[in-house]
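**Q** what's the 3D shape of this:
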Amino acid sequence: MNQAAIYSILQQVNDPEVPVLNILDLGIVRDVILNEDEVEVIITPTYSGCPAMDAISLDIRLKLLENGFKKIKITTILSPAWTTDWMSEAGKIKLKEYGIAPPLYSKNALQGEIICPHCHSSDTKLLSQFGSTACKALYQCNECKEPFDYFKCH
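**A** Numbers count the residues shown, from 1 in each chain. Model (predicted):
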């Protein structure tokens, strides 16, 4: 089996906190290394202490086992730190369609406008620095009045 086939398997592993995203969309898979009969998947958490990482590691292991791999190594690296810039464009579109405002590029995060994923208005306001999970902030649209999560930039 080659790397491309393993990446295809990893596309089936979803983020338990945002199930519309797979771990490749999220950008946490840093590398896949084939060492004879062992597969090593290197991942970086969205932030240190992310509670979803244990579930993600287990899901990676289970998907690889289901596909015939017996020797599996999951390695977590913290440096360089994960950034929302590593998210795929497809993942950002999936977030928006799911009702979560996708992150801006981190270099533009301070001057960008947060767009409502429901009505696409830029007239929004921050309600809380923390939304449904620590990696999201809670916003409200002043046009349609709907609250929504914004996936914060890191």
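
**Q** what residue ranges in the chain score low on pLDDT?
**A** Applying pLDDT under 70 to the chain flags the ranges 105-112, 154.

**Q** and Gly68, that's in a strand?
**A** No - assessed with DSSP: H, G, I helix; E, B strand; the rest coil, Gly68 is coil; it does not lie in a strand.

**Q** phi first, then psi, for the residue lying farthest from the centre of the chain.
**A** Farthest-out residue of the chain from its mean C-alpha position, per Cα atoms, centre = their mean: Glu36, at 29.5 Å. Backbone geometry at Glu36, expressed as degrees, to the nearest 10, gives phi 50, psi -100.

**Q** and the helix or strand containing Tyr139, what does it pack onto?
**A** Per DSSP states H and E, Tyr139 falls inside strand 136-141. Applying 3 or more Cβ pairs under 8 Å, 6 or more residues apart in numbering; DSSP states H and E, we find strand 136-141 packed against strand 124-128, strand 147-151. (Glycine included, C-beta is placed from N, CA and C.)

**Q** who wins for proximity to Ile77 among those strands?
**A** Ile77 sits nearest to strand 147-151 of all these, at 21.7 Å, using Cβ to Cβ.

**Q** follow-up on the earlier one: what sits against the residue farthest from the centre of the chain?
**A** Neighbouring residues of Glu36 by Cβ atoms under 8 Å, 6 or more residues apart in numbering: there are none.

**Q** what about it, distance to Ile43?
**A** The gap separating Glu36 from Ile43 is 21 Å, by Cβ to Cβ, to the nearest Å.

**Q** may I see the buried residues of the strand holding Tyr139?
**A** 136-137, 139-141 (16 or more other Cβ atoms under 10 Å).

**Q** what are the contacting residues of it?
**A** 100-101, 114, 116, 118-119, 121, 123-132, 146-152.
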